[in-house]
Structures are given as structure tokens and as C-alpha cells.
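J.: Build me a model:
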Amino acid sequence: MKEITVTRESVCAADDQTMPLELVLQVAETEAFSSFIQRVIGADFLQFSSTYTCATGFVGSDPVARVLANFVTGPVAEFVAPAAALASAVVPSGLLEFRWSGSNNSSKPTPLRGAA
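T.: Below is the predicted model of the structure:
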């Protein structure tokens, strides 16, 4: 078994006081990356708000996954790294960092000024 440490940015000032910003999970050698991300989602570790709706997971400077808030059905994962790859291969350093991303924290590209 390997450990992967997951960190996240705070969603608001009170969040970093009341909720953990680090989660450590055990990972079996055969666990798929998609399964690992679903466990992160299931742990209610990632916090969202009306202005923070997309967290991108990075290994070093490389994005490997995005988790988008869905306030009706629950968060949804999108994979940059292959979802079927071994979690330990996608996160060989043992550190997965979630950061807020994009314009209004969505995965859409930032529009040009004046664009409709």
C-alpha cells in the first residue's frame, strides 16, 4: 500500500479554520486513478461555493484531473490523465494538489475582453 496526500486551497476564510486542507489516503497497487478520485470526492474533502466551482488537481505543474461542483447531483470528475491508469503511476510523488482554476473557476477558456 502507498499513501497519497491530497491538498486543496481554501474556499473562504472560515474554511481553512474549520475544514482540513490535507487528506491522506491509502492506495492499493492496483487502484485506478478514477477510483482514487471518486474516493476523494466521496470523502467530502473538496469544498465548493458559488464562485469556486472547479478544482483542478495537479501533480507538480501538470494537471491530472478536474472536479466540478454540481450542487444538485454532487461533484463530477473530468480526467486529464488516463482514468484507467494506476493511481500510483499518475501520482508517483505521492502528492496531489487541488487548486481553483479558470475564469470564474470553470474549465472554460478565459474570454477576450469585449467578447460576447
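J.: Flag every buried residue along the one helix or strand residue 40 maps to.
T.: For residue 40, the element it lies in under DSSP states H and E is helix 33-42. Residues of helix 33-42 classed as buried by neighbour count (16 or more other Cβ atoms under 10 Å): 33, 34, 36, 37, 39, 40. To be clear about C-beta, it is placed using only N, CA and C from the backbone, and glycine gets the same treatment.
J.: Over it, what's the mean pLDDT, rounded is fine.
T.: Helix 33-42 shows a mean pLDDT of 97.
J.: Now residue 51, what are its backbone angles?
T.: Residue 51 adopts backbone torsions of phi -100, psi -10, taken as degrees, to the nearest 10.
J.: And for it, the neighbour number?
T.: Applying other Cβ atoms under 10 Å, we find 10 other residues in the vicinity of residue 51.
J.: any idea how far it is from residue 3?
T.: As judged by Cβ to Cβ, to the nearest Å, residue 51 and residue 3 stand 32 Å apart.
J.: Appreciated, that's everything.
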